[in-house]
Structure formats: C-alpha cells, structure tokens
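# Model the following, please.
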Amino acid sequence: QLVESGGGLVQAGGSLRLTCAASGRGFRFSGYVMGWFRQAPGKEREFVAFITWTGDRTSYTDSVKGRFTVSRDNAHHAAFLQMNSLIPEDTAIYFCAATERSHLLLSTPSSYDFWGQGTQVTVSA
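Numbering: from 1, shown residues only. Next up is the predicted model:
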C-alpha cells in the first residue's frame, strides 16, 4: 500500500514536500523503483520523477528540473518529492507509484504496479 501526504494550497514561488509511505506485509520497499506522477483536470497522467531502489539514479520531466528533487529513505519505507519554486502549472493531483520492473520505461505509468490514492497540490498565482 502506498499513501501520499503533504499536498496543499501554496502561493506561486512556494514549496511543498510530498511523502509517499509504503506499507504491507512482504513489501520489500528497497527493491522498488519509486515514481511520481501528476494529473491535472482534463489531462492525462504525466511523469514527474523517479528514483531507483539504491537512489543512484533519478530522472525528471523537463518542466520540473532544477525545482523538484526526488529522494527516498529505505529504512523508513518512504519516498519524497521536494517541490520548490512552484508555479500554477504544477497544480495537479500527485501520485506515487512503485515497480520492481526497472528494465521498463520508467516514465510510463503502465510500468508501475502499485499506486497511491494521490494528494492534491494547488498553486495560486
């Protein structure tokens, strides 16, 4: 089970830190790539970032590079998305996702097996 938290309403230029907490018997968190996606009203779900299980590789969509940072804490079964310099275009529901299939295209939602319920991020102008 994945549960996101940390969303909210923030003014443009502000920051938020999203947390994705993983739980479940037998869920070997350290073996999963953790991804972050977002979905704005009327739009398809889009890739934001991912981090490999060791944390040695991260990737970001172009629109968030230099503003967002993805990280993880395997000991506490959590992944994070630090979002700085937020802009109104970042407004969306943010989802975390997990996959063991690291050989797949990790920017594609279909590559992920487990999803959280999402947390709303709203950035006002």
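
# For the residue positioned nearest the centre of the chain, report the pLDDT, please.
Geometric centre of the chain, nearest residue: W36, 2.3 Å, by C-alpha atoms, centre = their mean. Looking at W36, its pLDDT is 98.

# so what's it up against?
For W36, the contacting residues are 18, 20, 47-50, 70, 79, 81, 94-97, by C-beta atoms under 8 Å, 6 or more residues apart in numbering. Any C-beta I mention is one placed from the backbone N, CA and C, and that applies to glycine too.

# okay, now the closest residue to it other than its chain neighbours: neighbour count?
Of all residues not flanking W36 in the chain, V48 sits nearest, at 4.2 Å (C-beta to C-beta, 6 or more residues apart in numbering). Using other C-beta atoms under 10 Å, V48 is surrounded by 25 other residues.

# helix, strand or coil for V48?
The three-state label given to V48 by DSSP: H, G, I helix; E, B strand; the rest coil is strand.

# which residues does it contact?
Neighbours of V48 in contact, by C-beta under 8 Å, 6+ apart: G35, W36, F37, R38, Y60, T61, V64, F68, L81, Y94.
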